[in-house]
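> Next input, structure requested:
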Amino acid sequence: MGENDWAKTKETVMSTATNKTKVLEQLRKTPLVQVACQRAGIGRATYYRWLKADEAFAEAAFEAIDQGTSLVTDIAESQLINAIKDQNMTAIIFWLKHHHAAYETRVRVDGRIKHQTEELTPEQSDLIERALKNAGLLLAESETIE
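Presented below is the predicted three-dimensional model:
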């Protein structure tokens, strides 16, 4: 490999690292892959190729998306609180339904599941065996596999 080839390879590696950093920065601001890729100037296919090929990048990308999601959630909650302060009834109802048990519209089901297994009776075993043979899922004793 000639000197020019090494320079091009080094430039490509540096450019890729820079672009990965740009995408991660964008994901921290807006956790949407399409938007982050557009703002960083790369294609979605490139992003997903990096995600698949570079485990460290994938981990950093998922963390950046989590951070971006938290940021957007904070912004949304801030706007919701402002709407409540402005006496927006929809916002008030939403808040109460999701933050106060007395206003929930969900049905809660609490319970325990106990799993028990029992041996089949000889009659049950015979019935299941005949059903499997009739369905062609079990060979009869007289049939053999060649």
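> Low-confidence stretches in this protein?
Low-confidence segments of the chain (pLDDT under 70): 1-14, 140-146.
> List the buried residues of the helix of greatest length in the chain.
Ordering each helix of the chain by length in residues (DSSP state H) puts helix 55-85 first. Within helix 55-85, the residues scored as buried using 16 or more other C-beta atoms under 10 Å are 57, 60-61, 64-65, 68, 80, 83-84. (C-beta placed from N, C-alpha, C; glycine too.)
> Tabulate those (TSV), appending distance to Lys97.
Rendered in TSV, the data for the buried residues of helix 55-85 read as follows (distance: C-beta to C-beta, whole Å):
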residue	distance to Lys97
Phe57	39
Ala60	36
Ala61	34
Ala64	31
Ile65	27
Gly68	26
Leu80	12
Ala83	14
Ile84	13
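> Just name the closest of those residues to Leu24, please.
Using C-beta to C-beta, Ala64 is the member of the buried residues of helix 55-85 that lies nearest Leu24, at 4.7 Å.
> before we move on, which element is the residue nearest to that closest one when sequence neighbours are not counted in?
Nearest non-adjacent residue to Ala64, counting by C-beta to C-beta, 6 or more residues apart in numbering: Leu27, 3.8 Å away. Using DSSP states H and E, the element containing Leu27 is helix 3-29.
> now the residue nearest the centre of the chain: how far from Leu24?
In the chain, the residue lying closest to the centroid (C-alpha atoms, centre = their mean) is Phe62, at 9.9 Å. Distance of Phe62 to Leu24, given as C-beta to C-beta, to the nearest Å: 10 Å.
> swap in Leu139?
From Leu139 to Leu24 the distance is 59 Å (C-beta to C-beta).
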